[in-house]
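A.B. asks: with the input below, show me the fold.
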Amino acid sequence: MIQKILIANRGEIAVRIIRACKDLGIQTVAIYSTADQSALHVQLADESVCVGEANSKDSYLNVNNIISAALLTQADAIHPGFGFLTENASFARLAQACGLIFIGPKPEIIDLMGNKINARIAMHEAGVPLIPGSFEAIASLDEGIKTANEIGYPIILKAAAGGGGRGIRIIHDEASFRQAFDVLKQEAKNYFNDDALYMEKLFTSAKHIEVQILGDQFGNVIHLYERDCSFQRRHQKMIEEAPCHLLNEAQRKALCEDALKAAKAVGYDSVGTIEFLMDENFNYYFMEMNTRIQVEHPVTEMITGVDIVKEQIRSADKQKLSYQQSDIKILGHALECRIIAEDYRNDFKPSVGKISFYHAPGGKDIRVDSALYTNYELSPFYDSMMAKIISFGPSRLHAIKRMRSALEETIIDGVENNLEFCYFTLFNPQFVAGRYTTDFANAWIKELNQRESTLS
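C.D. replies: Here you go, the predicted structure:
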């Protein structure tokens, strides 16, 4: 049985994991950099260990120091959270070689699904619908141009080992392909230590739908229905919701069954997400699998009542899932706004500094996942997400109205942030109708900036 978990992360996800561990009666070890000495996750954990300097490569990506910290504190397991080392199969293998439990899927599954080309091949063999594209790494510029002409522009050129919105270029013609190919290969090499590229047909107006999966080490796999993550800027999600209210029951059933088919095909044994693109005719296509907890997991927890992080820990501890598929019901609708330290009026420029005052919203069916507090110093070294505000209601409109109230109540002074932007979005007729697609946010940002320019 797991008695102590080292959390190889920081910020709100580290706090979220600590809370789940408290529920399970498991002790926690926080790691931190010199810049995070006063961070909330450090204060809430039972123990804490400094693992390096402020730069991520010296601390939160310092594999040797993290493993050493786990062994020195006699932790049984490591939870990677999301980001940093989460989908690093070598880190998972090293942890296991040192006698630690890695709270995530088997390293070979991380390897398989982390390489987008291999993942496409596996899904094709499993009979899961795929976006038209290449099944092998593009060997040369000329081969890439030939394949792109066969698929038809526009296409999206991607790093095979990419993720998190990085390693992606949208290509509209042969000239832009020639211009982007070598640059993206070098970017992929720098970010992911793998310069392999592949391509897919670009759907310029699509829904980004993902299905939450739970698996255990006894062959049990269930889904927790889907999330709509289509509100994105530069491939970064900003507002998420669950479920996708445009789907009817037959469409939802087919989508979730294909997600289960995908998970079972690779023997999935932990928490993960199958991501799809859905066109205007409700045809959906496998895009990728994330072999980790997702930032937006709270909306699924709100509509199902399932604690996903606790199930993830139980699975790693060789316990069976607490639920069967028949236990999972959609109880209502939930929204999540990511509150980011950025200036939306200045091309979303990141903001840093001291939080001079912070007040979180409350009330019925409002949840806040955050590591903020008054006088907290927001560091320039890490991701600029400060909080996630989640609302729940019996209907989508109820959830939207509660989110509006929650944002009205939230106060974050000292740094620029996107609270106002999220609030304005919740009144946009297209968003309220739920008929927005992945290209909506950028158009809405331009419209909002034009309106404000006119007023000023």
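A.B. asks: okay, buried residues for the helix ranked longest in the chain please.
C.D. replies: Looking across the chain with DSSP state H, the single longest helix is helix 174-192. By neighbour count with 16 or more other C-beta atoms under 10 Å, helix 174-192 contains the buried residues Ser176, Phe177, Ala180, Phe181, Leu184, Lys185, Glu187, Ala188, Tyr191, Phe192. For glycine as for every other residue, the C-beta is placed from the backbone atoms N, C-alpha and C.
A.B. asks: how about stretch 400-409?
C.D. replies: Going by neighbour count (16+ other C-beta under 10 Å), the buried part of stretch 400-409 is Ile400, Arg402, Met403, Arg404, Ala406, Leu407.
A.B. asks: before we move on, what about stretch 420-439?
C.D. replies: Buried residues in stretch 420-439 (16+ other C-beta under 10 Å): Phe421, Cys422, Tyr423, Phe424, Thr425, Leu426, Phe431, Gly434, Tyr436, Thr437, Thr438.
A.B. asks: repeat that for stretch 117-125.
C.D. replies: Buried positions in stretch 117-125, judged by neighbour count with 16+ other C-beta under 10 Å: Ile117, Ala119, Arg120, Ala122, Met123.
A.B. asks: low-confidence ranges, this structure, go.
C.D. replies: Applying pLDDT under 70 to the chain flags residues 164-165, 456.
A.B. asks: note down every partner strand of the lengthiest strand in it and its orientation.
C.D. replies: In the chain, assigned by DSSP state E, the strand with the most residues is strand 221-233. Taking DSSP bridges as the criterion, strand 221-233 forms sheet pairs with strand 207-215 (antiparallel), strand 236-242 (antiparallel).
A.B. asks: adding distance to Thr86, write the ones you listed out as JSON lines.
C.D. replies: Converted to JSON lines, those look like this (distance: least, C-beta to C-beta, whole Å):
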{"stretch": "strand 207-215", "distance to Thr86": "16"}
{"stretch": "strand 236-242", "distance to Thr86": "16"}
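A.B. asks: what's the most buried one of those?
C.D. replies: Comparing these by mean neighbour count (mean count of other C-beta atoms under 10 Å), strand 207-215 ranks first with a mean of 26.
A.B. asks: got the CA positions of that strand in CSV?
C.D. replies: Provided in CSV are the C-alpha atoms of strand 207-215 (Å, rounded to 0.1, in the frame of the first residue of the first chain):
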residue,chain,number,x,y,z
LYS,A,207,-14.8,21.0,-32.3
HIS,A,208,-11.9,19.7,-30.0
ILE,A,209,-13.6,17.0,-28.0
GLU,A,210,-11.8,14.8,-25.5
VAL,A,211,-12.9,11.7,-23.6
GLN,A,212,-11.7,11.0,-20.0
ILE,A,213,-10.5,7.5,-19.5
LEU,A,214,-9.9,5.6,-16.2
GLY,A,215,-8.1,2.3,-16.3
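A.B. asks: how distant is it from the center of its chain?
C.D. replies: Mean-position distance between strand 207-215 and its chain equals 11 Å (C-alpha atoms, centre = their mean, to the nearest Å).
A.B. asks: again with stretch 102-114
C.D. replies: So, by C-alpha atoms, centre = their mean, the centroid of stretch 102-114 is 16 Å from its chain's centroid.
A.B. asks: what comes up buried for stretch 141-149?
C.D. replies: Within stretch 141-149, the residues scored as buried using 16+ other C-beta under 10 Å are Gly144, Ile145, Thr147, Ala148.
A.B. asks: nearest to Val352, of those?
C.D. replies: Proximity of these to Val352 (C-beta to C-beta) peaks at Gly144, which lies at 39.2 Å.
A.B. asks: counting by contacts, list what the next helix or strand after the longest helix of the chain packs against.
C.D. replies: Next in sequence after helix 174-192, counting helices and strands by DSSP states H and E, comes strand 197-201. The elements that strand 197-201 packs onto, with contact taken as 3 or more C-beta pairs under 8 Å, 6 or more residues apart in numbering; DSSP states H and E, are helix 116-126, helix 141-151, strand 155-163, helix 174-192.
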